[in-house]
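Chemist: give me coordinates for this.
(chains A, B, C and D)
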2 protein chains.
Amino acid sequence: MKKKEAILKVATVLFANKGFADTSGQELARLTGTAEGTIFYHFKSKEGLLLAILERVRDEILDQFERFFENRPFQSGLEMTEEVVSFYLYLAGLMEDKFLLLHRHALYKFSESNPEFRENLEAIYNCLVDIFEKAIVTGQADGSIHPDIHPRKSALILFTMVDGLVRFKNYNLYDAGALFNELMQTCRRMLQADT
Amino acid sequence: MKKKEAILKVATVLFANKGFADTSGQELARLTGTAEGTIFYHFKSKEGLLLAILERVRDEILDQFERFFENRPFQSGLEMTEEVVSFYLYLAGLMEDKFLLLHRHALYKFSESNPEFRENLEAIYNCLVDIFEKAIVTGQADGSIHPDIHPRKSALILFTMVDGLVRFKNYNLYDAGALFNELMQTCRRMLQADT
DNA sequence: CGGGAAACTGAGTGATTACTCAGTTTTTTA
DNA sequence: TAAAAAACTGAGTAATCACTCAGTTTCCCG
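Modeler: Below you'll find the predicted structure:
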């Protein structure tokens, strides 16, 4: 069981940073100190290995958000939204490789032929969007968020924004950290009720 | 010259939709009706072909925005911003393959070793962000955009949002078209001066 | 211990890859 | 129209790929 763990760990980093097609079984074996055959003993194929990684990432992200919400009192729906955005960015830093992997095209390519990929991706994305939506609905109930806002659609916009920022950061296109305050301000302006 | 054009055209579609590593010279030759040797007669390598495509995409995008601004009167900076967002989304639909290609990891991987890739990517991104920034500055001058907004940073946030939506659309994750109105409303709320 | 199961090995396989090159066809030019 | 230049060809090459399999080691349980 030790080697299986090593393969999953190393493959996550390589698939995320080098890409699925550009990572060979040979390289994977070398870096994990295993024989190439071991990879195919534990996983039926390279695609199967990627799927196993995706399942882990889904579990981890869903688990992290579950723990985030445990016994956390929010002053208002607007504050809840802001804290979720903040936590998402924190998580993307903590699990950088895994979020990078989620932006890889290989996942979406396999999704077209293998429903298991799509199910896992949908579970992750829906979890995130659902949380944003719930926060907006809460905010509309307590008056901190403007009633004209469409909860689902705005949740998607919010997600687009945050996820896009993570992408920029991971690609080193712009200094995403410097945009944090601006992002929070944008969320507030976008959502808040008239004062 | 006819075959070179065909190779560039077909490779753009394949690299964008199948990926760089997953597109072979053999397939490219078959679909363009050329011999595989022809590809390497016109481009020194597969990487060189990708670079040639990227240069075309840059030229095309920069050209499109130049033409967009020709003799176009904007009522205000805020309106200008909204129209730029709108045009960006229109362009992403018109040049779907090319925008899909811009989200491919191969480009960013080559950017690390080949400065020509990075220069072209930066030219594209800076063009887009600069336009957003200029629109915000204009809006702050004419009073349609809130003075507290940081032009550059907000331009980046705006770009993040729009580009993220394009990504969702291209990946068929969510119906981006349905989010258009919400996006425009978000831009307005995010930027507009107090009323 | 003993023995069966699970984990692991690494040489081997056929397919595919990017790229080359010597030669042919087409186009341009004088 | 002849010669030079440019465009094009496709068989060939060495390397790499994902994956297999027959055999070995390690582990667990009675």
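Chemist: and the average pLDDT for the helix or strand that contains residue A:48 is what?
Modeler: Here residue A:48, judged by DSSP states H and E, is contained in helix A:46-69. Mean pLDDT, taken over the full extent of helix A:46-69, equals 97.
Chemist: can you tell me if that helix touches DNA strand C.
Modeler: No. Contact between helix A:46-69 and DNA strand C, assessed by CB under 7 Å from any atom of the strand, is absent, since the two come no nearer than 12.5 Å. (C-beta placed from N, C-alpha, C; glycine too.)
Chemist: quick check: longest helix of chain A.
Modeler: The helix of greatest length in chain A, counted in residues with DSSP state H as the criterion, is given as helix A:115-142.
Chemist: what's the angle between that one and helix A:46-69?
Modeler: Between the axis of helix A:115-142 and that of helix A:46-69 there is an angle of 20 degrees, by axes from the mean of the first three to the mean of the last three CA atoms, to 10 degrees.
Chemist: next, the buried residues of the helix holding residue A:48.
Modeler: A:46, A:47, A:49, A:50, A:51, A:52, A:53, A:54, A:57, A:58, A:61, A:65 (16 or more other CB atoms under 10 Å in any protein chain shown).
Chemist: what's the farthest-apart pair in those?
Modeler: A:46 and A:65 (29.4 Å; CB to CB).
Chemist: for residue A:108, which non-adjacent residue is spatially closest?
Modeler: Once its chain neighbours are removed from consideration, residue A:108 has its nearest residue in residue B:171; the separation is 5.3 Å (CB to CB, 6 or more residues apart in numbering or on different chains).
Chemist: run a quick neighbour tally on the one you found.
Modeler: When neighbours are counted by other CB atoms under 10 Å in any protein chain shown, residue B:171 registers 17.
Chemist: from residue B:181, how far out is it?
Modeler: Applying CB to CB, to the nearest Å, one obtains 21 Å for the distance of residue B:171 from residue B:181.
Chemist: which strand or helix spans the residue positioned nearest the centre of chain A?
Modeler: The residue lying closest to the centre of chain A (CA atoms, centre = their mean) is residue A:99, at 4.9 Å. In the assignment (DSSP H and E), residue A:99 maps to helix A:96-102.
Chemist: CA atoms only for that helix - export them in PDB, please.
Modeler: The C-alpha atoms that make up helix A:96-102 are tabulated as PDB, following Å, rounded to 0.1, in the frame of the first residue of the first chain:
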ATOM      1  CA  GLU A  96      -2.000  24.400  -5.500                       C
ATOM      2  CA  ASP A  97      -1.300  21.300  -7.500                       C
ATOM      3  CA  LYS A  98      -4.800  20.000  -7.100                       C
ATOM      4  CA  PHE A  99      -6.400  23.200  -8.300                       C
ATOM      5  CA  LEU A 100      -3.900  23.300 -11.200                       C
ATOM      6  CA  LEU A 101      -5.000  19.800 -12.100                       C
ATOM      7  CA  LEU A 102      -8.600  20.900 -12.100                       C
END
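Chemist: other residues contacting the following helix or strand past it?
Modeler: For helix A:96-102, the following helix or strand on the C-terminal side (DSSP H and E) is helix A:105-113. Outside helix A:105-113, the residues within contact range by CB atoms under 8 Å, 6 or more residues apart in numbering or on different chains are A:15, A:19-21, A:47, A:50-51, A:54, A:101, A:117-118, A:121, B:18-19, B:22, B:103-105, B:171.
Chemist: need phi/psi at whichever residue of chain A sits closest to DNA strand C.
Modeler: Chain A approaches DNA strand C most closely through residue A:37 (1.8 Å), counting by CB to the nearest atom of the strand. Its backbone dihedrals place residue A:37 at phi -60, psi -30, with angles given as degrees, to the nearest 10.
Chemist: what of residue A:145?
Modeler: Taking degrees, to the nearest 10 as the convention, residue A:145 sits at phi -120, psi 140.
Chemist: can you pull the contacts of residue A:79?
Modeler: Under the criterion of CB under 8 Å, 6+ apart, the neighbours of residue A:79 are residue A:144.
Chemist: element containing it?
Modeler: Following DSSP H and E, one finds residue A:79 within helix A:77-94.
Chemist: tell me what angle that helix forms with helix A:46-69.
Modeler: Going by the same axes, to 10 degrees, helix A:77-94 is angled at 140 degrees with respect to helix A:46-69.
Chemist: for helix A:77-94, buried residues please.
Modeler: Going by neighbour count (16+ other CB under 10 Å), the buried part of helix A:77-94 is A:77-82, A:84-85, A:87-89, A:91-92.
Chemist: can I get those residues in CSV including pLDDT and distance to residue B:31?
Modeler: Converted to CSV, these look like this (pLDDT from 0 to 100; distance: CB to CB, whole Å):
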residue, pLDDT, distance to residue B:31
A:77, 95, 52
A:78, 95, 53
A:79, 95, 54
A:80, 95, 51
A:81, 96, 48
A:82, 95, 50
A:84, 95, 46
A:85, 95, 44
A:87, 95, 46
A:88, 95, 41
A:89, 94, 42
A:91, 96, 42
A:92, 95, 38
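Chemist: residue A:3 - nearest residue in space that isn't next to it in sequence?
Modeler: residue A:34 (4.9 Å).
Chemist: again, but for residue A:25
Modeler: Per CB to CB, 6+ apart, closest to residue A:25 is residue A:36, 5.0 Å.
Chemist: ok, that neighbour touching residue A:42?
Modeler: No. Residue A:36 lies out of contact with residue A:42 (CB atoms under 8 Å); the separation is 11.7 Å.
Chemist: and stretch A:145-158 with chain B, contact?
Modeler: Yes. For stretch A:145-158 and chain B, the contact criterion (CB under 8 Å from any CB of the partner chain) is met by A:150, A:153, A:154, A:156, A:157.
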